[in-house]
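>>> the sequence and its predicted three-dimensional model are supplied below.
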There are 2 protein chains.
Amino acid sequence: MKRELHAVLSVRLFTDQKIFGPGIAELLHRVDEHHSLRAAAQSMEMSYSKAWTITKNAEEGLGVKLLTSTTGGKGGGGATLSEEARQFLEAYDRCYEKLCAYGDSLLAEEFAFYQRRSSNDA
Amino acid sequence: MKRELHAVLSVRLFTDQKIFGPGIAELLHRVDEHHSLRAAAQSMEMSYSKAWTITKNAEEGLGVKLLTSTTGGKGGGGATLSEEARQFLEAYDRCYEKLCAYGDSLLAEEFAFYQRRSSNDA
């Protein structure tokens, strides 16, 4: 049987505590799409309170405001990404993509012995 | 306040299913140290049944035997890593180390804007 290996990476950023990872990154992308934290949370089946908490934790950890309220207050109006959030998210996504590309090439190199054997089994 | 970022990566390997990740890697290292699956599991506060299941899943997914029983049977005697397990684990560890080193350099590069600002805040 041919068994093609692929790697799935996850990247978490820490200062003295965890401040950024796949969850908040996905949430920010969805805020950008839905212009609302509540709608963003809903679209990924996350409770609004959890979305609010991970956003607050990331903001405190980073020391930057990630969301800008558009109209209404907490839970009411919309939200957009702050300029800092956009910059941070883009840097995170670029790191992730580059790491995945490197991961693919490493896998091909380091696990060549395994891929060879699996294809011999075919 | 100076906020130094660092990244924590996790690497999971898949074929059509998840077959290898931080849990089984840690378990295999501990089998190598303790010469027993039961002692290895215990040392990382994992139940023996879970350790047995993730080992079996990885063996089936990879199509290789990872553990070699030394004396006694399942749950009884000791266990050592098969040659294939050692080869796979070494390749996994090398990939992980190289990805972490690359992650550190990416972080310094992609988040330079953030590190600069944090040190200005100090």
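That came through, no problem. Residues are numbered from 1 along each chain as shown, chains lettered A, B, ... in the order given.

>>> sec struct for residue A:60, please.
Using DSSP: H, G, I helix; E, B strand; the rest coil, the structure places residue A:60 in helix.

>>> so it versus residue B:111, what's the distance?
18 Å (CB to CB, to the nearest Å). From N, CA and C alone the C-beta is placed, and that goes for glycine too.

>>> more neighbours, the two?
Set side by side, residue A:60 and residue B:111 show more neighbours around residue B:111, with 21 against 11, by other CB atoms under 10 Å in any protein chain shown.

>>> give me the buried positions along stretch A:97-116.
Neighbour-count burial for stretch A:97-116 flags A:98, A:99, A:102, A:103, A:106, A:107, A:110, A:111, A:114 (criterion: 16 or more other CB atoms under 10 Å in any protein chain shown).

>>> can I get these in TSV with distance to chain B, secondary structure and pLDDT?
Below are the buried residues of stretch A:97-116 laid out as TSV (distance: CB to the nearest CB, whole Å; DSSP: H, G, I helix; E, B strand; the rest coil; pLDDT from 0 to 100):
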residue	distance to chain B	secondary structure	pLDDT
A:98	6	helix	96
A:99	6	helix	96
A:102	5	helix	96
A:103	6	helix	95
A:106	5	helix	95
A:107	7	helix	93
A:110	4	helix	94
A:111	5	coil	92
A:114	7	helix	86
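
>>> of all these, which two lie farthest apart?
Farthest-apart pair in those is A:98 and A:114; separation 24.3 Å (CB to CB).

>>> thinking residue A:33 is in contact with residue A:40, fair?
Yes - applying CB atoms under 8 Å as the test, residue A:33 and residue A:40 come out as touching, 7.3 Å apart.

>>> count of residues packed around the residue nearest to residue A:70 when sequence neighbours are not counted?
In space, and not counting its chain neighbours, residue A:70 is closest to residue A:78: 4.0 Å by CB to CB, 6 or more residues apart in numbering or on different chains. For residue A:78, the number of neighbouring residues by other CB under 10 Å comes to 17.

>>> just residue A:13 next, same as before
Going by other CB under 10 Å, the residues that sit close to residue A:13 add up to 25.

>>> distance check, it against chain B.
According to CB to the nearest CB, to the nearest Å, residue A:13 stands 6 Å off from chain B.

>>> ok, that residue - contacts?
A:19, A:20, A:21, A:92, B:5, B:6, B:7, B:8, B:107 (CB atoms under 8 Å, 6 or more residues apart in numbering or on different chains).

>>> and the nearest residue to residue A:35 once chain neighbours are set aside, how far is that from chain B?
Sequence neighbours aside, residue A:78 is the residue nearest to residue A:35 in space, at 4.6 Å (criterion: CB to CB, 6+ apart). Using CB to the nearest CB, residue A:78 is found at 26 Å from chain B.
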